[in-house]
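Undergrad: A structural model of the following input is requested.
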Amino acid sequence: MNTRALLLDEMNKVRRELALMYARVEEDLGKALVILRTGGDSEIINEVMESGKIVDALQIKIEDMAFVLIATQRPVAGDLRELLTIFKISSGLERIGDYGIHLVKAAVRLSRRPPFRSVVRIYRMVETGQRMLKLAFSAYMAQDAEAARQAADLDDGIDEDHKAITEELLKLMKRKPELVKSAARLLRLSGFMERMGDHITNICEGIIFMCEGSHEELNH
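TA: Below you'll find the model as predicted:
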């Protein structure tokens, strides 16, 4: 096998590992949303917590593989841009996986309290994040910069919901001081979801760099 063929073969291996990492993070977000909507389910909670460890291990494996290719295979410009983007995607996926774990933990605590109206916005933020992530990874696999931009555009909806939740909960805390602790927990969770959208947007910026070789700021 010549050098170029070897590089392409190894790149495909990295892509497969990255796809496994993405699929696990996406699945964990879905499970976390189920827990948030229905209350604590110890089996699903444990699954998400254990999955987080696998996601962390996959990030290390993927980045090690990418480092080796950069060091030993002399990738050309397009290949090097993709490898650098892979670092960005794997790092982003790891952080998104962490937010899924935060979501699970918060869901268990919130299930013990009377429901907040604002939690409906949290559901929507998670659902929007799921759509963003799916579109972003599809854009990576297709090497489609425009699709990455479209995925990033969805972050505006997450930002709007976060702003609305913040306003609603601050007003609630003034009216009902006894709910401050629970409302603050929900506000913190909203902040995690807002940052999740930012991480997916950063992934989209990496995809654009991979495809077009230019840096584009998508976070506003």
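Undergrad: Please go through this structure and pick out the longest helix.
TA: The longest helix of the chain (DSSP state H) is helix 3-38.
Undergrad: List the buried residues for that one?
TA: Neighbour-count burial for helix 3-38, counted by 16 or more other CB atoms under 10 Å, picks out 7, 10-11, 14, 17-18, 21-22, 24-26, 28-29, 31-33, 35-36. Just so you know, the C-beta spots here come from the backbone N, C-alpha and C atoms, and that holds for glycine as well.
Undergrad: Stretch 170-178 too?
TA: 172-173.
Undergrad: which residues touch it?
TA: The contact list for stretch 170-178 (CB atoms under 8 Å, 6 or more residues apart in numbering) reads 116, 118, 179-180, 183-184, 187.
Undergrad: In these, find the pair that's most separated.
TA: Across those, the longest distance by CB to CB is 14.0 Å; it joins 118 and 180.
Undergrad: how about stretch 203-216 as PDB, C-alpha atoms only?
TA: Taking Å, rounded to 0.1, in the frame of the first residue of the first chain, the C-alpha atoms of stretch 203-216 are listed here in PDB:
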ATOM      1  CA  ILE A 203     -18.000  22.400  15.400                       C
ATOM      2  CA  CYS A 204     -19.700  24.000  12.500                       C
ATOM      3  CA  GLU A 205     -16.900  26.600  12.300                       C
ATOM      4  CA  GLY A 206     -14.400  23.800  12.100                       C
ATOM      5  CA  ILE A 207     -16.300  22.100   9.300                       C
ATOM      6  CA  ILE A 208     -16.300  25.300   7.300                       C
ATOM      7  CA  PHE A 209     -12.600  25.600   7.800                       C
ATOM      8  CA  MET A 210     -12.100  22.000   6.700                       C
ATOM      9  CA  CYS A 211     -14.200  22.600   3.500                       C
ATOM     10  CA  GLU A 212     -13.100  26.100   2.600                       C
ATOM     11  CA  GLY A 213      -9.900  26.700   4.400                       C
ATOM     12  CA  SER A 214     -11.200  29.900   5.900                       C
ATOM     13  CA  HIS A 215     -12.100  30.900   9.500                       C
ATOM     14  CA  GLU A 216     -15.700  32.000   9.900                       C
END
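Undergrad: circling back to that earlier point, okay, the angle between the very next helix or strand once past the longest helix of the chain and helix 3-38?
TA: As assigned by DSSP states H and E, the chain's next helix or strand after helix 3-38 is helix 42-72. Inter-element angle recorded for helix 42-72 and helix 3-38: 160 degrees (by axes from the mean of the first three to the mean of the last three CA atoms, to 10 degrees).
Undergrad: Fine, thanks again, bye for now.
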